[in-house]
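Asker: give me a model of this one.
(chains A and B)
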2 protein chains.
Amino acid sequence: MKKFEEKTTHSKQLFKGKVISLKVEDVILPNGKEGKREIINHPGAVAIIAITDEGKIVLVEQYRKALERSIIEIPAGKLEPGEEPAVTARRELEEETGYGCHKLTYLQSFSTSPGFADEIIHLFVAENLYKIEEKAELDEDEFVELLEVTIEEAEEMVKDQRIYDAKTAFAVLWMRLSQK
Amino acid sequence: MKKFEEKTTHSKQLFKGKVISLKVEDVILPNGKEGKREIINHPGAVAIIAITDEGKIVLVEQYRKALERSIIEIPAGKLEPGEEPAVTARRELEEETGYGCHKLTYLQSFSTSPGFADEIIHLFVAENLYKIEEKAELDEDEFVELLEVTIEEAEEMVKDQRIYDAKTAFAVLWMRLSQK
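Answerer: Numbering: from 1, shown residues only, chains lettered A, B, ... in the order given. Here you go, the predicted model:
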C-alpha cells in the first residue's frame, strides 16, 4: 500500500469537456474515515525552454481566460491522445514560435496543481533553432506574441513578476543555475 | 483593451465544490470568431519555503488523490475566504510541520495552470523557526510526513524527480540560486 493511500469507494464524472474533465470521488482516508476529492483530469502538456543561438530564451505572451489577463510563458501545449511528448514539443514550438530545432532534450516532468488536478508538464530544452519557412498554424483559438530575452532579463522578469507562471519561473531559474 | 483579450458573451457555472468550481464560458476571440473556455476557479493558495537553523528546507510528503501517489512538496494550503496570505502561510506551516516562525517574508506569486485554472500560489520564506509546543491540528482529511533536507539534496531530488511538483521545484532552485 502506498503511503497514506486513499482508497476510492465511488467515482463519478460530472463533466467532460474539450480540455478537462471533472470527477468527484468518495475515498477512505488513512484513518478509516470517509472523505471526498474533487479532481480535474487533464491530458498533460509539454513546455519548451527554447534557446536561440544568441543565448536568448524564447517566450510567448498570450491571453489566459482563466486569469482574465495576458501572461508571458515559455511555449507549451497539450498532449494529443497517445502522442509522445517529444512530438508535441516540436509541434508546439513550431506553432507558437515559428522555430524548429535540431536538438531537443527531455529535462524533467512535474505536476502543476497536485491538490486538485492530474496535469503533468513534460519539460524540454530546444537548441540549434532555425526559422521554419512556412510557419505552422496555431490552433484556431490561439493568439500569441513572441519575445526573446536574455536569461538575466528573464530572471529579472521572474523577480518582478512580469513572469507570473510557475513552469516558466522554474524554467528560467533552471537556465540561470545551469550558467553558474 | 488588454492584449488578445477574449470578451465573455456567456458564462455558466456547472459545478461548485468544496475546493474548486467549474464554469464554461463562450468568448469572442481576437479574430472575431467564437470560442469556448473551460475554467476552474480555485480560492488560491500559499506555499512556504521553511528554512531551519541548520539551513535545511522543510518538506512534507502526502498522498495526492489526483495523482494517485504520494509526492514531496513544500508546505502549502488553500486560502480561506478573505484571509491574508501571510496568515494562511503561518497557519499551514504550523499545521503541516509543527513549526512556527519568527520571520516570514513574502517572495512572489504565480499561476500554476493558466490554461484552465485561476489558482495563484503566494510563496513565502519562513526563517527563525521554532517548534510549537502544542502542534496545530491538520485538516481532518490531511495526512503528512515531514522531511528536512539540505538545499543541495533538494536540488538532487528535483533533478531525479523525487520532487515532482512545480512550486517545490521552483522553490528549491530559488534557494539554490540565492546561495550562489
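Asker: how does chain A divide into domains?
Answerer: A:7-41, A:45-178 (automatic domain parsing).
Asker: tell me which stretches of chain A form strands.
Answerer: A:7-16, A:21-28, A:34-41, A:45-50, A:56-64, A:69-73, A:76-78, A:99-111, A:120-131, A:144-150 (DSSP state E).
Asker: ok, stretch A:56-65 near chain B or not?
Answerer: Yes - residues of stretch A:56-65 contacting chain B under Cβ under 8 Å from any Cβ of the partner chain: A:61, A:62, A:63, A:64, A:65. Backbone N, C-alpha and C define where each C-beta goes, glycine included.
Asker: just name the most buried of the domains of chain A.
Answerer: Most buried of these by mean neighbour count (mean count of other Cβ atoms under 10 Å in any protein chain shown) is domain A:45-178; its value is a mean of 19.
Asker: still on that earlier bit, so which pair among the residues of stretch A:56-65 next to chain B is furthest apart in space?
Answerer: For the residues of stretch A:56-65 next to chain B, with distances taken as Cβ to Cβ, the pair at the greatest spread is A:61 and A:65 (14.5 Å).
Asker: ok, now which ones touch the closest residue to residue A:147 other than its chain neighbours?
Answerer: Once flanking residues are discounted, residue A:147 sits nearest to residue A:59: 4.4 Å by Cβ to Cβ, 6 or more residues apart in numbering or on different chains. By Cβ atoms under 8 Å, 6 or more residues apart in numbering or on different chains, residue A:59 lies in contact with A:72, A:73, A:74, A:146, A:147, A:148, A:149, A:154, A:163, A:168.
Asker: quickly list what the residue nearest to residue A:93 when sequence neighbours are not counted is bridged to.
Answerer: Nearest residue to residue A:93 in three dimensions, chain neighbours excluded: residue A:48, at 5.0 Å (Cβ to Cβ, 6+ apart). Beta-bridge partners for residue A:48, by DSSP bridges, are residue A:124.
Asker: and residue A:48, how far from residue A:167?
Answerer: Counting by Cβ to Cβ, to the nearest Å, the gap from residue A:48 to residue A:167 is 10 Å.
Asker: cool, residue A:116 as well?
Answerer: Residue A:116 is 17 Å from residue A:167, by Cβ to Cβ.
Asker: residue ranges with poor pLDDT in chain A?
Answerer: A:1, A:135-136 (pLDDT under 70).
Asker: so who does the most far-flung residue of it relative to its centre touch?
Answerer: The centre of chain A is farthest from one residue, residue A:32, which by Cα atoms, centre = their mean lies 35.7 Å away. By Cβ under 8 Å, 6+ apart, the contact set of residue A:32 is empty.
Asker: for it, give its distance to chain B.
Answerer: The gap separating residue A:32 from chain B is 12 Å, by Cβ to the nearest Cβ, to the nearest Å.
Asker: contacting residues for the nearest residue to residue A:88 once chain neighbours are set aside?
Answerer: Nearest non-adjacent residue to residue A:88, counting by Cβ to Cβ, 6+ apart: residue A:46, 4.6 Å away. Residues near residue A:46 by Cβ under 8 Å, 6+ apart: A:76, A:77, A:79, A:85, A:88, A:89, A:92, A:121, A:122, A:123, A:124.
Asker: for those residues, which one is nearest residue A:112?
Answerer: Once Cβ to Cβ is applied, the member of those that ends up nearest residue A:112 is residue A:121, at 5.9 Å.
Asker: ok, back up a step: for the residue farthest from the centre of chain A, grab phi and psi.
Answerer: phi 90, psi -10 (degrees, to the nearest 10).
Asker: now swap in the one 10 residues further on and tell me
Answerer: Taking degrees, to the nearest 10, you get phi -140, psi 150 for the backbone angles of residue A:42.
Asker: roughly how far apart are residue A:129 and residue A:56?
Answerer: Looking at residue A:129 against residue A:56, where the rule is Cβ to Cβ, the gap reads 10 Å.
Asker: I meant residue A:70, not that one.
Answerer: 20 Å.
Asker: residue A:33 too?
Answerer: Going from residue A:33 to residue A:56 by Cβ to Cβ gives 53 Å.
Asker: what does residue A:107 give?
Answerer: 18 Å.
Asker: kindly report the same for residue A:34.
Answerer: Counting by Cβ to Cβ, the gap from residue A:34 to residue A:56 is 53 Å.
Asker: how about residue A:12?
Answerer: 48 Å.
Asker: try residue A:106
Answerer: Taken as Cβ to Cβ, the span from residue A:106 to residue A:56 is 22 Å.
Asker: show me what contacts residue A:101?
Answerer: Counting by Cβ under 8 Å, 6+ apart, residue A:101 has contacts A:50, A:90, A:93, A:126, A:127, A:128, A:129, A:130.
Asker: 6 Å instead, please
Answerer: Contacts for residue A:101 (Cβ atoms under 6 Å, 6 or more residues apart in numbering or on different chains) come out as A:126, A:129.
Asker: quick check: beta-bridge partners of it?
Answerer: Where residue A:101 sits in a bridge, its partners, by DSSP bridges, are residue A:129.
Asker: which residues does residue A:128 contact?
Answerer: Neighbouring residues of residue A:128 by Cβ under 6 Å, 6+ apart: A:102, A:103.
Asker: quick one: the closest residue to residue A:14 other than its chain neighbours from residue A:96, how far?
Answerer: In space, residue A:14 comes closest to residue A:22 once its chain neighbours are excluded; the distance is 5.0 Å by Cβ to Cβ, 6+ apart. Separation of residue A:22 from residue A:96 (Cβ to Cβ) stands at 27 Å.
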